[in-house]
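Asker: Sharing a model that was predicted from the sequence below.
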Amino acid sequence: MKLFTFTEFVNEGSVKVGEVNDVVIDDMTTYDGTKISAEEILGMVVANETEDDMIDSVYKKYGQMAFSKEDISNLQKAWNDYNADEKEAELEAEKEKEGTGEKGADATEGGDDTDAAMKELGI
């Protein structure tokens, strides 16, 4: 018998997308009773480049009559949230990259950039 904390119990049928994302995807049950795991939904969200592609792949696999409007809305929200977080992470990475490039330019102009150099070395 496995004991769960309250948070584990509440989130038992869901999956957190990753460390970067705050998106949580829950299991879903279709009208005909087919259970779709959160992991499978996550795979569809990550694998498709557009929201429409994701919805089309869901319809192809499970049929158009298998989902309520709320289910489709939840899938769209998961896709949009995931991609918004991914784009935000990419922008932050670009800003950090540009920031280090500017510091490096200062160092070549005679500025003391010891902190940046030590940071790069992990010191």
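Answerer: Cool, the structure landed. Bear in mind that the values here come from a model prediction, so they are computed numbers and not experimental data.
Asker: so what's the backbone phi/psi at the nearest residue to Tyr62 once chain neighbours are set aside?
Answerer: The shortest distance from Tyr62 to any non-neighbouring residue, by C-beta to C-beta, 6 or more residues apart in numbering, is to Thr30 (5.7 Å). C-betas here are computed from N, CA, C, even on glycine. For Thr30, the backbone dihedrals are phi -80, psi 170 (criterion: degrees, to the nearest 10).
Asker: surely Thr30 meets Phe67?
Answerer: Yes - counting by C-beta atoms under 8 Å, Phe67 is a contact partner of Thr30 at 6.1 Å.
Asker: Okay, now the unreliable bits of the protein?
Answerer: Across the chain, the ranges flagged by pLDDT under 70 are 1-22, 100-113, 117-122.
Asker: What segments of it are strands?
Answerer: Secondary structure of the chain (DSSP state E): strands at 14-16, 24-26, 28-29, 35-36.
Asker: tell me the most buried of those?
Answerer: Neighbour counts (mean count of other C-beta atoms under 10 Å) averaged over each of the strands of the chain peak at strand 24-26, with a mean of 18.
Asker: and that strand, what does it pack onto?
Answerer: For strand 24-26, the elements it packs on are strand 14-16, helix 38-47, judged by 3 or more C-beta pairs under 8 Å, 6 or more residues apart in numbering; DSSP states H and E.
Asker: nearest to Glu98, of those?
Answerer: Of all those, it is helix 38-47 that lies closest to Glu98, at 27.1 Å by C-beta to C-beta.
Asker: For that closest one, list every residue counted as buried.
Answerer: For helix 38-47, a neighbour-count test (16 or more other C-beta atoms under 10 Å) marks 38, 40-42, 44-45 as buried.
Asker: Just send these back as CSV, with distance to Asp115 too.
Answerer: Shown next, in CSV, are the buried residues of helix 38-47 (distance: C-beta to C-beta, whole Å):
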residue, distance to Asp115
Ala38, 42
Glu40, 46
Ile41, 44
Leu42, 39
Met44, 44
Val45, 39
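Asker: picking that back up, need the helices and strands packed on strand 24-26 in JSON lines with distance to Val58, can you?
Answerer: Output for the helices and strands packed on strand 24-26, formatted as JSON lines (distance: least, C-beta to C-beta, whole Å):
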{"stretch": "strand 14-16", "distance to Val58": "17"}
{"stretch": "helix 38-47", "distance to Val58": "6"}
